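**Student:** Need coordinates for the following:
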Amino acid sequence: MSRFDQAFKDEVRAKNDIVEVISAYVKLERRGNRYVGLCPFHSEKTPSFHVIPDRQFYHCFGCKASGDVFTFLMEREHLTFYEALVQLARRAGIPLPQEERTPEEERAYRERRDMYAALELAARFYHHQLFSEAGKEGLDYLLRRGLTEETIRRFRLGWAVGRGALYRALRGRFPAEILQRVGLIVPRRDGEGYMDAFFERVMFPITDLAGRVIGFGGRILSGEGAKYKNTAETPLFSKRHVLFGLDQAKEAMRARNQAILVEGYMDVIMPHQAGFQNVVAPLGTALTDEQCRVLRQQASQVIVAFDMDTAGQMATLRGLQKLYDTGCDVRVLRIPDGKDPDEFIRTHGPQAFAAAIDQAVPLIEFRIDLVLPRSGQATPEAKAKAVESVAQVLADVKDEVLREAYVDQVAERLAGDNPLAKPDLKLAIDRQMNRLLRRGFQHNLPDTRNNRRGPGEPVTPGPYRRLAAQPLVTPEEGVHRAERALLYLLLEHPGLVGLVEGELGAEPFADPRHKQIYAAARQLVAGAGARPGGLITRLLDELPDPEAKSLLTEMAAKPMLTTDPEKEAADCIEKISKHRDSRRKEDLENLIRAAESAKQRVDPAIWNEYVALARKLKASRS
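**Tutor:** Predicted coordinates:
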């Protein structure tokens, strides 16, 4: 049986629109003939991730991630090409042809398939047990907490019974190694064999962005043990990447351009039941870089409803500052009486929760309130300490106008009943803040030794900073750009191959990546007669080198505006040819000098070629 042929791959690619596939992971905005969003592969504040629908490519101008719909799924979900192909074929409803896999592919495919299947069956088992006599304790608890049966079924909540019930139910379907790898069972401590990792707990399935179960959280209702327990790290589950409820919240987050971040499972589920569909929770309050990136990709405003009076307040604030630094508008939801969202909604209702959301304060304002002395406690010592603490907070504000507005507000609050003290307080805050900003600026300052500034002239931060002089384009860079442009023209207009090879020979390019792409394209043109505009798509399947693939997608993402391809190709050929002639002339000069130094006769052929090149280059300059 043959491998999947090119026709099948092309059909799968054609029936899976890349914008639709990527939109399940990234919030995209249309800009002209392309879509733009925040890159899912690295942290950034301004979008540099481009999806080009007419080419079915994506390219990030920040981290250079690029590829087609297969590459995206492979990188985002950590799949093999085979797994991505199968998943996309099923998404498009395309039946799979019989296909032979290598032993390694077969093993990896079966293992990953079984891991997802085991977790899915475990979720079904727990859910079934919740509605059985064995799960009465768990169901009663959830109903007492105010959840409806519809909500319980929507979030597929469950109940883990005795220590070996799940293992007995699944061991006939899956090897113990698979069940252990996904965190469903653990070795017994009192003998041979295995026992369930979760037992006598209310179970919360944890899913990925696509809605597949990747792990569980369990809440104990009585007895010893941690109140909450999560699946340990597995090949499918990494706590630092997970936001509970994201698959159910992503559409509402994008539609409202707002996410509400809470602490616990019930704090997600109760707001969803009350109509707040944009609520998610990390598995822990210290936000990770990966979680911040996912949130920023889904929404630009994040309302945080964490308990800020806990012992881990500083760790929480550091995580929220990370989120702020990604470019999110971070606001803190102050829930009255120290209640969590679950309890507040049950006590006061959805309207009161909506009103609290509207009154959420910006993160910087919240941080300032934490360090300012309370009314009646503003002693001179307290004010001095507040000036220092506020300066540290405001040094994190990148917007100068906003920063100065906060300085003014804080000085007014610290002055209190003595408005004459306001100017001095403002000056003290400014001095301390500018000291911190200068320290941070010098720490992050790029090397400016080549900037054109006078002796002792300072480098000015912010909008007044002098730009370094732009370097002149070297001949090498000029010919590299000409090669790149010529390669693009050839990929778009394969009929130019004859013109190019007639002038530059069978190897028209010097850059190794250009050479590799051209050689592969030449084969396609000669063999399959690839139509204009279709070469780049085909080449992504042919080229093994990721750097060459990245270059291809960058070229597709940044197309040249061409009006006369033949004339533009001729201009590129002229630059490349002139550069070749100059380099050859230099080589000949070196040979002539070497011969003269050795007092040897210069070969007449070398002289003739040198003279001819010198005349040719002189004529081209005139």
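**Student:** buried set for the one helix or strand residue 353 maps to?
**Tutor:** Per DSSP states H and E: residue 353 is located in helix 350-358. Residues of helix 350-358 classed as buried: 353, 356, 357 (neighbour count, 16 or more other CB atoms under 10 Å). All C-beta spots, glycine's among them, are computed from the backbone N, C-alpha and C.
**Student:** Run through the neighbouring helices and strands of it.
**Tutor:** With contacts taken as 3 or more CB pairs under 8 Å, 6 or more residues apart in numbering; DSSP states H and E, helix 350-358 sits against helix 341-348.
**Student:** in the helix it packs on, what counts as buried?
**Tutor:** Within helix 341-348, judged by 16+ other CB under 10 Å, the buried ones are 341, 342, 343, 344, 345, 348.
**Student:** Now render the residues you listed as CSV, adding distance to residue 136 and pLDDT.
**Tutor:** CSV is the format used below for those (distance: CB to CB, whole Å; pLDDT from 0 to 100):
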residue, distance to residue 136, pLDDT
341, 27, 92
342, 22, 93
343, 24, 92
344, 28, 92
345, 25, 94
348, 30, 92
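**Student:** mean confidence for the helix holding residue 353?
**Tutor:** Helix 350-358 carries an average pLDDT of 93.
**Student:** tilt between it and helix 341-348?
**Tutor:** Helix 350-358 runs at 130 degrees relative to helix 341-348, counting by axes from the mean of the first three to the mean of the last three CA atoms, to 10 degrees.
**Student:** So what touches helix 350-358?
**Tutor:** 260, 271, 274-276, 303, 333-336, 341, 344-345 (CB atoms under 8 Å, 6 or more residues apart in numbering).
**Student:** at 6 Å what do you get?
**Tutor:** 274, 275, 303, 333, 345 (CB atoms under 6 Å, 6 or more residues apart in numbering).
**Student:** Walk me through which strands the next helix or strand after that helix pairs with, and which way each runs.
**Tutor:** Counting by DSSP H and E, the next helix or strand C-terminal to helix 350-358 is strand 361-362. As defined by DSSP bridges, the strand partners of strand 361-362 come to strand 329-332 (antiparallel).
**Student:** so how many other residues sit close to the nearest residue to residue 236 once chain neighbours are set aside?
**Tutor:** Once flanking residues are discounted, residue 236 sits nearest to residue 214: 4.5 Å by CB to CB, 6 or more residues apart in numbering. Using other CB atoms under 10 Å, residue 214 has 22 other residues around it.
**Student:** could you show me where the helices are in the stretch 1-150 of the chain, in order?
**Tutor:** 6-14, 18-23, 69-77, 81-91, 103-130, 136-144, 149-154 (DSSP state H, counting those that start in this stretch).
**Student:** Give me the pLDDT value at residue 267.
**Tutor:** On the pLDDT scale, residue 267 gets 95.
**Student:** The one 4 residues further on too?
**Tutor:** On the pLDDT scale, residue 271 is placed at 96.
**Student:** so where is the stretch 201-350 of the chain shaky, pLDDT-wise?
**Tutor:** 285, 308-315 (pLDDT under 70).
**Student:** coming back round to it: neighbour-wise, which one of the contacts of helix 350-358 leads?
**Tutor:** residue 345 (25 neighbours).
**Student:** Tell me who's in contact with that one.
**Tutor:** 270, 274, 353 are the contacts of residue 345 under CB under 6 Å, 6+ apart.
**Student:** what residues are up against the second one?
**Tutor:** Put plainly, it is residue 274. 345, 350.
**Student:** Ok, residue 432 next?
**Tutor:** Per CB under 6 Å, 6+ apart, neighbours of residue 432: 387, 388, 391.
**Student:** So residue 493 sits against residue 567, correct?
**Tutor:** No: with contacts counted by CB atoms under 6 Å, residue 493 stays clear of residue 567, the gap being 11.9 Å.
**Student:** Pull the number of nearby residues for residue 602.
**Tutor:** Neighbours of residue 602 (other CB under 10 Å): 15.
**Student:** State which helix of the protein is the longest.
**Tutor:** helix 565-597 (DSSP state H).
**Student:** how about the helices in the stretch 251-400 of the chain?
**Tutor:** Using DSSP H, counting those that start in this stretch, helices in the stretch 251-400 of the chain cover 265-273, 289-298, 313-325, 341-348, 350-358, 363-371, 380-394, 400-415.
**Student:** The nearest residue in space to residue 48 that is not next to it in sequence and residue 559, how far apart?
**Tutor:** The spatial neighbour of residue 48 that comes closest, neighbours along the chain excluded (CB to CB, 6+ apart), is residue 62 at 4.0 Å. Here residue 62 is placed at a distance of 19 Å from residue 559 (CB to CB, to the nearest Å).
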